[in-house]
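1. Sequence first, predicted coordinates after that:
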Amino acid sequence: MNLQRILVVDDEPQIQRFLRPALTAAGYHVLEALTGAAALKAVATAAPDLVILDLGLPDMDGKDVIANVRSWSQVPIIILSARDRESEKIAALDLGADDYIEKPFGIGELTARIRTALRHRVQDDGGSTTIVADGLYIDTLRRLVTHDGNPVRLTPKEYDLLVKLAHHAGRVVTHKTLLTSVWGPAHADDLHYLRVFIGQLRAKVERDPADPRIIRTEPGVGYRFVADEE
């Protein structure tokens, strides 16, 4: 049986000792790297299905690893770091990381994030055109959006914002990424503008806009679209 390969990049021996048996028990083949240079070599030669990356490496910052990998690979990257500053999360996500988990962490949360990242990598590669989330149905091929079977009327910008979030389902999308991709670089700092449109979207697609289940807020960082499990 060909197990999915996960590369764990962390120079803390206790983290490696904890993750190897835990991820092996979860059904993955675990690869290890203690430095950024070793990580880059492993991504190139071992072709892991997913990378778990610490930002505090002995030879380089983890964000430099992300930038290097993203110049030639779309392998999912989950940051696992003790750095809790919002600026660090935003920088890593803007560089192309798929998710961010702070240390200390629970293995249950980590494996759930891994499954999500791997699932959506398959969807990205396979070109899935439909997304379902709590009664919301999005068909990007036909530009059709319904909720509990009823048509949802969206403005062009609302639709573009929803699809951008849905295509990154399960992953955090930063404010800057949403603003620049939907409205252009000139609006990269128009956070109030984004909040207004998110509020409008929630009013149309959430069962309870005051307690959103589909478009979740990641405080200070961005938003996460939560699709139904397959």
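-> Cool, the structure landed.

2. Am I right that residue 183 is in contact with residue 196?
-> No - between residue 183 and residue 196 there is no contact under CB atoms under 8 Å: 11.8 Å. In this view, the C-beta of every residue, glycine as well, is placed from N, C-alpha and C.

3. what element comes up after the lowest-mean-pLDDT helix or strand in the chain heading to the C-terminus?
-> Within the chain, no helix or strand scores below helix 107-126, which has a mean of 77 by mean pLDDT, DSSP states H and E. For helix 107-126, the following helix or strand on the C-terminal side (DSSP states H and E) is strand 130-133.

4. for that next one, packing partners?
-> strand 136-139, helix 156-167 (3 or more CB pairs under 8 Å, 6 or more residues apart in numbering; DSSP states H and E).

5. What residues sit buried inside it?
-> Buried residues in strand 130-133, counting neighbours by 16 or more other CB atoms under 10 Å, are found at 131, 133.

6. List the contacts of that strand.
-> Outside of strand 130-133, the residues within contact range by CB atoms under 8 Å, 6 or more residues apart in numbering are 137-141, 166-167, 169, 213-214, 225-228.

7. before we move on, what about stretch 181-189?
-> Under CB under 8 Å, 6+ apart, the answer for stretch 181-189 is 157, 160-161, 164, 176, 179-180, 190, 193.

8. ok, now stretch 13-21?
-> With CB under 8 Å, 6+ apart, stretch 13-21 has contacts from 8, 10, 30, 32, 34, 52, 54, 80, 103, 107.

9. send the alpha carbons of that stretch over as PDB?
-> Taking C-alpha atoms only, stretch 13-21 is exported to PDB below (Å, rounded to 0.1, in the frame of the first residue of the first chain):
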ATOM      1  CA  PRO A  13      13.700  16.300  18.900                       C
ATOM      2  CA  GLN A  14      10.700  16.100  21.200                       C
ATOM      3  CA  ILE A  15       8.400  17.300  18.400                       C
ATOM      4  CA  GLN A  16       9.900  14.700  16.000                       C
ATOM      5  CA  ARG A  17       9.600  12.000  18.600                       C
ATOM      6  CA  PHE A  18       5.900  12.900  19.200                       C
ATOM      7  CA  LEU A  19       4.800  13.400  15.600                       C
ATOM      8  CA  ARG A  20       6.500  10.300  14.000                       C
ATOM      9  CA  PRO A  21       4.400   7.600  15.900                       C
END
